[in-house]
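*Asks:* Structural data only, the sequence is not supplied:
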Ligand SMILES: CSCC[C@@H](NC(=O)CCC(=O)O)C(=O)O
Ligand SMILES: [Mg+2]
């Protein structure tokens, strides 16, 4: 394929309700979308970065800048481009994994559409549907949390993930356990704790959680390994796992026993599959995380979550968990599962009038 250019588009989509984590509260998703135009097909990509650099160092406007200034022009030098050549072409530029992932995703989508192959098949999916969990933000009160969890269980979600932070951890977990019994339950701290909190975090052990996600700083593998020796709840890493090498190092250090795979965080779906393969080789379960994706990223995540090593329900929730109107045909939860798209590429494309209604900027970058 020959890329002729890339359209960068920012969209602003309101969330159905505020989503509070240990690093802030989201009420609107400002996403960067890419439309790659090639001589054979067009492809769509979505950048997982948020409006501010709170989850990681990336943010939407920086991603748009690095893509237009460096990453998209770097594809000009690649004659017969396919998705496997994108990461090597972008390697000279340090970091910006979410921006790189969005570009690779769009090239992968175009490549697969041109060949009539769906993403799930290309990645090695072994399932037609994937079991879904849901991420529940920090709420104003315990009763409000219990109402939210009851609603998601009623909707059919198979696993509940609670956001926690110092001051909102043991009591919310206790309340959910006492009200809903032995549901599949896990927590996510988004790096909110310190090595000195080990004794406090051990107070979560009696609640039989599936995992404790990213309690410490993203660069503190040693701290997670020390913590793992002092609590019984399995540690899962998210922000720390930025590549297959990082995953192998984390496993070798005993820093985690489960991995949350997010394609944007690691530079793309091809690296995400490598992490899946590394974890599978070590007998370590993985699950697919989320970055409040629109239906574009959601479609790709569902395809990834259908790989054999994805043994735990992911944060691949239905479109209506976050959006009243998705920019693609919505993903609906059926018996706690989402269907893996089967048509070429991502299997979804934006609905033009919906996309235009939420578009805030559009930029064309020639290659
Ligand atoms: C805005 S919070 C994004 C990062 C967070 N993601 C979720 O909690 C799931 C979000 C989703 O359902 O897409 C995580 O650290 O796992
Ligand atoms: Mg997380």
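*Replies:* Happy to help now that I have it. What you see is a predicted model, and the numbers here were worked out from it, not measured in a lab. Ligands and ions are numbered 1, 2, ... in the order given.

*Asks:* which residues does whichever residue of the stretch 151-300 of the chain sits closest to ligand 2 contact?
*Replies:* Nearest residue of the stretch 151-300 of the chain to ligand 2: residue 238, at 3.6 Å (Cβ to the ion). Every residue, glycine included, has its C-beta placed from N, CA and C. In this structure, residue 238 makes contact with 188, 190, 213-214, 260, 262, 265, 289, judged by Cβ atoms under 8 Å, 6 or more residues apart in numbering.

*Asks:* The same query, at a cut-off of 6 Å, please.
*Replies:* 213-214, 260, 289 (Cβ atoms under 6 Å, 6 or more residues apart in numbering).

*Asks:* Filter these down to the ones in strands?
*Replies:* Among the contacts of residue 238, the ones falling in strands (DSSP state E) are 213, 260.

*Asks:* For residue 12, state which of the contacts of residue 238 is nearest.
*Replies:* Lowest distance from residue 12 to those (Cβ to Cβ) belongs to residue 289, with 22.5 Å.

*Asks:* just to revisit the earlier point, which of the contacts of residue 238 tops the neighbour count?
*Replies:* In terms of neighbours by other Cβ atoms under 10 Å, the contacts of residue 238 top out with residue 213 at 29 neighbours.

*Asks:* sec struct for the closest residue to ligand 1 within the stretch 1-150 of the chain, please.
*Replies:* Across the stretch 1-150 of the chain, no residue is closer to ligand 1 than residue 135, which sits at 3.4 Å (Cβ to the nearest ligand atom). What DSSP: H, G, I helix; E, B strand; the rest coil gives for residue 135 is strand.

*Asks:* who touches stretch 283-297?
*Replies:* 29, 44, 46, 48, 238, 258-262, 264, 276, 279, 301, 304-305, 309-312, 314-316, 319, 322, 326-328, 348.

*Asks:* That stretch vs ligand 1: in contact?
*Replies:* Yes - shown here: stretch 283-297 in contact with ligand 1 (Cβ under 6 Å from any ligand atom) through 289-292.

*Asks:* The residues you listed in helices, which ones?
*Replies:* Among these, DSSP state H puts none in helices.

*Asks:* coming back round to it: who's in contact with the residue of the stretch 1-150 of the chain closest to ligand 1?
*Replies:* Residue 135 neighbours (Cβ under 6 Å, 6+ apart): 161, 315.

*Asks:* ok, now how distant is it from residue 149?
*Replies:* With distances taken as Cβ to Cβ, to the nearest Å, residue 135 is found 11 Å from residue 149.

*Asks:* returning to that earlier point: show me the beta-bridge partners of the residue of the stretch 1-150 of the chain closest to ligand 1.
*Replies:* residue 161 (DSSP bridges).

*Asks:* where's it relative to ligand 2, distance?
*Replies:* Residue 135 sits at a distance of 8 Å from ligand 2 (criterion: Cβ to the ion, to the nearest Å).

*Asks:* Show me what from the stretch 51-200 of the chain comes close to ligand 2.
*Replies:* Residues of the stretch 51-200 of the chain lying close to ligand 2 (Cβ under 5 Å from the ion) are residue 188.

*Asks:* how far away is residue 56 from residue 322?
*Replies:* Relative to residue 322, and taking Cβ to Cβ, residue 56 is found at 19 Å.

*Asks:* Same question for residue 97.
*Replies:* 22 Å.

*Asks:* re the thing from before, who has more neighbours, residue 56 and residue 322?
*Replies:* In terms of neighbours (other Cβ under 10 Å), residue 322 is the more surrounded of residue 56 and residue 322; the figures are 22 against 19.
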